[in-house]
Every structure is written in C-alpha cells, then in structure tokens.
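> sequence first, predicted coordinates after that:
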Amino acid sequence: MFFMKIKILSLLLCLSLLLGVSVVPAAAADPLPLPDTATQFLYDLADSLVKPLIRLIGLLFPAGDLPGKYVSSPDFYPGMDTFLDAPAAGAKWNLGYASASLLEGQNIFDGKHYVGGGLVGDGQTAVIDEKTPTVILDDQRVRVTALNDGSGRGTVILASIDGFGITSKDVRAIRALLADFAKENNIVSINVSALHQHSVIDTLGMNGPLLKAVFLNPVANLTGLFAPYSGKNADFMDNLHNVVANAAKAAFANLEPGTLHYAKVNIKEYIFDKRPPYVFDEFVHRLRFVPDAAASKETWLCNLAIHCTGNGASAREVTGDFPYYMEETVNAAGANFQLIQGAQLAITLDSSPVDALSAVRFEKVQNYGHALGSKLTGITPEQETVVTPLLNAAHKEYSIPIDNPLHMLFFRLKMIDSTAVKSDLLGWNMDLWTEVGYLEIGDALAVAIVPGEMEAALAFGGGLDSDSAWKRTAWEYAPMQETIGAARELLVFGLSNDQVGYMILPNDVHNFILFGNEEVNAASTQAAPAVLKAFEGLVASK
C-alpha cells in the first residue's frame, strides 16, 4: 500500500473544509467485482464530477514555491557512457558492502517522530491519531552494495533503506553529499530504494499531524515563518542523508575482487496477490558474491516482491519487519545481506506456512522472515550459475502528468516533497518528474529500476484482456521483459530513487472513489504507460 485509508480520509478532509464538520470514516472496503456496464458508467460519471471538485478545493491551498518548470539537477546520474556487449579484457567483479543504523543517536520518542504506513494508531479508533512510536522491536537500517566489473567504466551504488518510501528530493540530497566523492572515485550510478515497511519511522511524509498540515501548512507556504508539517522529521531525515552517504562511502572502501553467482528459489506459498491479473514474481533472487580473500565474508544481494506489512499498517512499534529476520538468518550463515523490493503493487505476505508456530503477531513476523532466510540459505551450488563480469548502467529522467487531485493537494501542502511542477499558472495541472534505470548484470540478467509500486504484469506480461479489464479495452503495451528480449531474465528494483505511488495496468484503472486502495494511491493513471515508454526509450538508446 502507499497511503493506508488515504482515499476516504482525504475526501472527508476536503468535505470538512467545505462544510465545517468533523467526520471519522469506517475502514475501507475490499475491492468490488467489476459491475455491469450501466453501473460502471455511473461510477465513472461520479469520478468525472468528484475529481474536478477536489482539484478545485486544492486550488484554495497556496502552493508556495512549487516551481512552474523542471530544471534537471546535477544530482541526477545518467550512468555509464558506454555499454559493453562482452566483458572487458581482464574484467573482474568487485563488490563492497556496508550497513548502518538509522536510529542510532536519534530520540524518536519526543512526540515529533511518526511511524509510517498507516494513518491510524492504536485500536484504529480515530483517523487523526498522531502515530508516534511506542517501542523499538528491532533496528531500522540502511544496507549498501557497491559493484563494478573492473572495466574502469565506473561503480554502481545500490542502497536500500528500511523505510515506507523515499522521494527524489531526499535521494538527490544524499547524492549531493556524495558528489565530490563520486567524482573522485568514478561512481556513475547512485540508487536509493525503500523496502516499504509499514512499521518504521516515516521517511515519506504522509503519517504526521494531518490536521496541522491541512490548516497550518498554507500559512507556512505563504509566510515561510515555519516549516510545513509532515510525517518526516527534519532532523531524522538529515541524519538519514548523512548515514546513507557515509555507508555508501564505506561500501566503496570495502570493494574487493571475487566471483558472482546467481540463483533463485520459489517462495510462491509465502505470497498473496490481492488484485487481478494475479501476476507476480514467485521467486526470491540471490546474487551471491564470493570474495577471493578467504577471510572475507560473502555478500548476498537479494530481491523479492512482497509488501512488508507483517506487523500491520497501524501498529506503533518500530520494526524492520520480516526483512530484518531474513537478514538474521543469512548473517547466522556467515554472509552479509541486502534486500531490494520488487514489483509488489498489490502483493503482500502469506504467513500461513508458519502460522502454526505462534499465535503472536510479531512472532509470526520473525518466523516468516526466518523461513524466507532459510529458503536463501538452502540454495545449493548446483542451483547457481556463475555471472559473467559485465555491468552496464543507465538512467533517464521523465515526467508523469499528475491526474490524481488528492496527490496535487499533498504536493501543494508540502506533505510530500516529490518533484512536482505546475504546468500552468495556477497549478490546475501538474507534472511529476522522476527517473527510471536499467542495469545489465552479466550476460543473462537485467534490472528495471522503477520509482514506485509497479504492477508485476507491466514487467513480465500477462495483463488483463478486454473481457476482464475495468476499461474493457485490450492490453496495448509491451511489458519490460519483451523490451529487453528473451536472452535476459528481468528483475525489478522497485520504490527506487523516488515514490510516485502505484503503477496500475493502464486498461484496468478502476473507479477513483468506490474502488480499491491502488487507484487513489496512484499519483497518476498514466504512471504505468509513462514508465514503460521511458524504459523502452532508455533501453533502445543503449
């Protein structure tokens, strides 16, 4: 999920402003089945009326310094100048790893830090609970891998934080801290992704004091007398920027030669997909780096697509959720661990294989993580392939027309500081500027680096046909796997370098008001076509 219960809450906040009343909505219903065409017409008609109304209400909120034009940042990294089709002479994998706590030295119990992932707190009795943390169950960390192929074309940095999401502005603040270091050391690609835990200190901004944000942020935007209210704590984020940058430097300093091995193991029984077309990556993927030096530890860079909601979206305990306990299992096997989230739009965990071990929710989280960790440690050498020392990296900036009026409101209020720009004088229309990336790892793997929560069918194919899609139109877009070709297996690194929300099948965007969580939590119904087009152009240019 992107913003829990944001649909009903935001609509009611807007109505409250108009009517001067206070309301507490019930929990959002599960997605409805496709209606008959007459009922669907009424739903879509309601959309066409309500969306402009919310957009009009949004214009009542001053946008402050929201720019009217996008200017590319020096902290965007386009990647390598040249792509190789085969390893360079004397090519050799070099990998460095580092990990650090984002909580160390932070007082998160001061009433000014919030737990991301859901708008309600204990008991879900009120929407406007300020969901401050109550206890730390385990750590909130960043893990970083530095990787190059020894060709001299540059090093790629892959950082993943325990966080609900991270915007492009925070990613570029981290890159700014690394600018001189990157130039001196030929670092050509710096990527920061979020694992999307719903139970860590908010790194996106949507889980703070909402009433203060709605009523006081316009004053802040107009006067500049105080910072806009947000779920992100400024000191916490400044510390995060520095910790991630320093961890990246440490990972680079730890570079050492070795070999890289790839394997995947099926974890289908641990996955639950809530939304058609029920396409998902059934595997947890592992890149295992074996250093040449016998005294050095292995590093396992892993990828799966499962929402980190084991401890719930409304709890106030701070926990890294199941990835923390995957790491615990892998560490016990003597290896470093890093996980990067995949294409997990409506995909969450199925804990039924471990439910019998405990009735306590948090113990289920631990058991679930240990079970997935055991899947990784159970991979045998016979299941692995050696990865040729060849690394290509490229990135591209692109824009998405924002057509979700609620997100426009969030950007105007500065509750989320994504790179939104006005495309007209008043800001009736806005564009969201972001980036997509492409990696080639060896001669048989490719990675799409995407800035949000993507429907897996966009990557792997299998989209809905005209008989089952909401718009009752055919699937018209080539999935990413088709774009790169059958010679390479595609992985997806999601929630990377930005958070633009959900990326939904373009022919299956449902009703905005009465249907599921995904539609309201997508900044744009055009997010999917935009990322596919940008990715296709990026791959074609190399």
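Structure received. Bear in mind the structure is a predicted one, so any value in this text is a computation, not a measurement.
> tally of neighbours for residue 224?
11 (other Cβ atoms under 10 Å). In this view, the C-beta of every residue, glycine as well, is placed from N, C-alpha and C.
> could you do residue 152 as well?
Neighbours of residue 152 (other Cβ under 10 Å): 10.
> mind checking how far it is from residue 185?
12 Å (Cβ to Cβ, to the nearest Å).
> pretty sure residue 202 is touching residue 112, no?
No: the criterion here is Cβ atoms under 8 Å, and residue 202 misses it with residue 112 at 11.1 Å.
> intersection of neighbour lists for these two?
residue 233 (Cβ atoms under 8 Å, 6 or more residues apart in numbering).
> what do residue 152 and residue 185 both touch?
Between them, residue 152 and residue 185 share no contacting residue under Cβ under 8 Å, 6+ apart.
> residues in contact with the helix or strand where residue 368 lies?
Using DSSP states H and E, the element containing residue 368 is helix 361-377. Residues outside helix 361-377 that contact it (Cβ under 8 Å, 6+ apart): 137, 265, 267, 270, 284, 286, 300, 302, 304, 310-312, 317, 319, 321-330, 333, 349, 351, 353-355, 357-358.
> please apply the same query to stretch 253-261.
92-98, 146, 148, 150, 155, 287-293, 296, 381, 384-387, 389, 441-442.
> quick one, which of those residues are buried?
93-98, 146, 148, 150, 155, 287-291, 296, 384, 387, 389, 441-442 (16 or more other Cβ atoms under 10 Å).
> among those, name the ones in strands.
Under the assignment DSSP state E, those contribute 93-98, 146, 148, 155, 287-291, 441 to strands.
> which one of those sits closest to residue 234?
Distance to residue 234, by Cβ to Cβ, is smallest for residue 98 among these, at 24.8 Å.
> the closest one contacts residue 251, correct?
Yes: between residue 98 and residue 251 there is a contact at 4.1 Å, judged by Cβ under 8 Å.
> intersection of neighbour lists for these two?
With Cβ under 8 Å, 6+ apart as the test, residue 98 and residue 251 both reach residue 144.
> quick check: residue 143 touching residue 163?
No: using Cβ under 8 Å, residue 143 is not in contact with residue 163; the gap is 11.9 Å.
> just to revisit the earlier point, how far is the helix holding residue 368 from where the chain is centred?
Relative to its chain's centre, helix 361-377 lies at 22 Å (Cα atoms, centre = their mean, to the nearest Å).
> tell me the contacts of the residue lying closest to residue 451 once chain neighbours are set aside?
Closest residue to residue 451 apart from its sequence neighbours, by Cβ to Cβ, 6 or more residues apart in numbering: residue 498 at 3.5 Å. Residues in contact with residue 498 (Cβ under 8 Å, 6+ apart) are 166, 167, 168, 171, 418, 419, 434, 435, 451, 452.
> can you put those in a markdown table and add pLDDT?
Formatted as a markdown table, those follow (pLDDT from 0 to 100):
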| residue | pLDDT |
| --- | --- |
| 166 | 97 |
| 167 | 95 |
| 168 | 96 |
| 171 | 98 |
| 418 | 89 |
| 419 | 92 |
| 434 | 97 |
| 435 | 98 |
| 451 | 98 |
| 452 | 95 |
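> considering those residues, which possesses the most neighbours?
Neighbour max across the contacts of residue 498 (other Cβ under 10 Å) = residue 451, 31 neighbours.
> now do the contacts for residue 205.
For residue 205, the contact set (Cβ under 8 Å, 6+ apart) comprises 167, 230, 231, 232, 415, 416, 417.
> nearest to residue 341 among the residues you listed?
Nearest to residue 341 among the contacts of residue 205: residue 167, at 15.8 Å, using Cβ to Cβ.
> hmm, residue 420 and the closest one touching each other?
No: using Cβ under 8 Å, residue 167 is not in contact with residue 420, being 10.0 Å away.
> other residues contacting the helix or strand containing residue 183?
Assigned by DSSP H and E, residue 183 belongs to helix 168-185. By Cβ under 8 Å, 6+ apart, the surrounding residues in contact with helix 168-185 are 73-77, 155, 157, 159, 187-188, 190, 192, 203, 237, 240-242, 244-245, 248-249, 252, 417-419, 433-435, 451, 497-498.
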